[in-house]
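Engineer: With the sequence up front, the predicted model follows.
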Amino acid sequence: MIRFFKNRLARGANQSQALALGTLELELMEILWSRGESSVRDVVPELSRPLAYTTVMTTLDRLFKKGLLDRHKSDRAFFYSPRFSRQEWERQRAGNLVAGFLAGPNPSRELLLSCLLDAVGEHDASLLDDLEKKIRSRRKELLRQGQP
């Protein structure tokens, strides 16, 4: 099922593709989220495995081109910093995934809801209660706004 969701995300729009990260890209983002602004030279020693400087440089450049990093040049080195916090990035990824299912045909919508409820129920039954409260709260909010 997880592979299904990953494939679904990978087939999305350009923004969704930018938010889907490979193993090295995710590791670099984790380092930058914890360290803040860093150069390639700062990041290389933090990696879990030895990699060529140029590999890290290319991957950081790719993350910049995907719109996930900001960068500025100081002397001859680029310094990179995350454009989004980890929480903002995860929220965008989740939002894009859900939006993709909701834009699809009805069976995709039903599959999304069914999988969400199964996953939440398996993870923690109290999350189902939280979900129910959020649904009731959102419905009240929509009624106040005059939406059905």
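Structural biologist: Sure thing, it's come through.
Engineer: Can you pull the poorly scored residue ranges out of this protein?
Structural biologist: 1-19, 148 (pLDDT under 70).
Engineer: Run through the helices of the protein in chain order.
Structural biologist: 2-10, 14-19, 23-35, 40-43, 53-65, 86-103, 106-123, 125-144 (DSSP state H).
Engineer: Those helices: which one's closest to D75?
Structural biologist: helix 40-43 (11.6 Å; C-beta to C-beta). Using the backbone N, CA and C atoms, a C-beta is placed for each residue, glycine as well.
Engineer: Show me what the closest one is packed against.
Structural biologist: Helices and strands touching helix 40-43, by 3 or more C-beta pairs under 8 Å, 6 or more residues apart in numbering; DSSP states H and E, are helix 23-35, helix 53-65, strand 77-82.
Engineer: Run the chain-centre distance for the second one.
Structural biologist: Which is helix 53-65. Its chain's C-alpha centre and that of helix 53-65 lie 18 Å apart, by C-alpha atoms, centre = their mean, to the nearest Å.
Engineer: what does the first one give?
Structural biologist: Relative to its chain's centre, helix 23-35 lies at 12 Å (C-alpha atoms, centre = their mean).
Engineer: cool, stretch 68-87 as well?
Structural biologist: 18 Å.
Engineer: ends of it, how far apart?
Structural biologist: 13 Å (C-alpha to C-alpha, to the nearest Å).
Engineer: Residues touching that stretch, excluding its own?
Structural biologist: The contact list for stretch 68-87 (C-beta atoms under 8 Å, 6 or more residues apart in numbering) reads 18-19, 21, 29-30, 32-33, 36-41, 43, 60-61, 63-64, 67, 89, 92.
Engineer: Check which residues of it are buried.
Structural biologist: Neighbour-count burial for stretch 68-87, counted by 16 or more other C-beta atoms under 10 Å, picks out L68, L69, R71, F78, F79, Y80, P82, R83, F84.
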